[in-house]
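# For reference, the sequence and a predicted model appear below.
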Amino acid sequence: MKCPFCGFDQDKVVDSRESKEGESIRRRRECLRCEKRFTTYERIDEIPYMVVKKDGRREKFERQKVLNGLLRACEKRPVSIGRLEQIVNEAEAFVIDSPERERKTSEIGELIMNRLRNIDKVAYVRFASVYLDFKDVQEFLAELQDLLKSKDAKEAAARLPEKGKPAAGSASKPKAGR
Ligand SMILES: [Zn+2]
């Protein structure tokens, strides 16, 4: 396992712990060169869990994608990576909890927005601007009015993606007939 700090590829495992349900093993490793510690998770690669996009397409649920979206929303914000990891874990648990083994991206987005709203308003607005559908925009604008009373949100509004620019990740294409 390559060290995330210095890139060295040899380490020793200093702690190994199975999750409560026994579905993953968490290993604490120490780099043999820089001696910094990092964590890896081992999971069984089984049938994937899916997300259903707005246009009906399905794709594999990937923790890394969720995390990437959160990292973008939280760029330069005072939100710890541990906090984001918790949100990713919650999103994953939500998907795994589905008897159909799949969830709509809008449902996952909503869960994440609810968490972000309580953590960081700017990150929340950024994330919402990517996730919301056209029909939700009025509702969202109403909420923005409330948020705009805070200084943070003014900053966020100024940073919303420009019109016409394709938003990253889960952005939907305009629906036919509109
Ligand atoms: Zn290292």
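Yep, that arrived.
# which residues touch the residue sitting nearest the centre point of the chain?
In the chain, the C-alpha nearest the mean C-alpha coordinate belongs to residue 66, at 3.0 Å (Cα atoms, centre = their mean). By Cβ atoms under 8 Å, 6 or more residues apart in numbering, the residues touching residue 66 are 87-88, 91-92, 108, 112. C-beta: built from backbone N, CA, C; applies to glycine.
# for residue 119, same thing?
Neighbouring residues of residue 119 by Cβ under 8 Å, 6+ apart: 79, 83.
# confidence score at it?
According to the prediction, residue 119 has pLDDT 94.
# quick one: it from residue 53, how far?
According to Cβ to Cβ, to the nearest Å, residue 119 and residue 53 sit 25 Å apart.
# Check the secondary structure at residue 85 for me.
Taken by DSSP: H, G, I helix; E, B strand; the rest coil, the conformation at residue 85 corresponds to helix.
# Skipping adjacent residues, who's closest to it in space?
Once flanking residues are discounted, residue 85 sits nearest to residue 67: 7.5 Å by Cβ to Cβ, 6 or more residues apart in numbering.
# Narrow the contacts of residue 66 to those in helices?
Counting by DSSP state H, the contacts of residue 66 place 87-88, 91-92, 108, 112 in helices.
# Check these and tell me the two furthest apart.
92 and 112 (11.3 Å; Cβ to Cβ).
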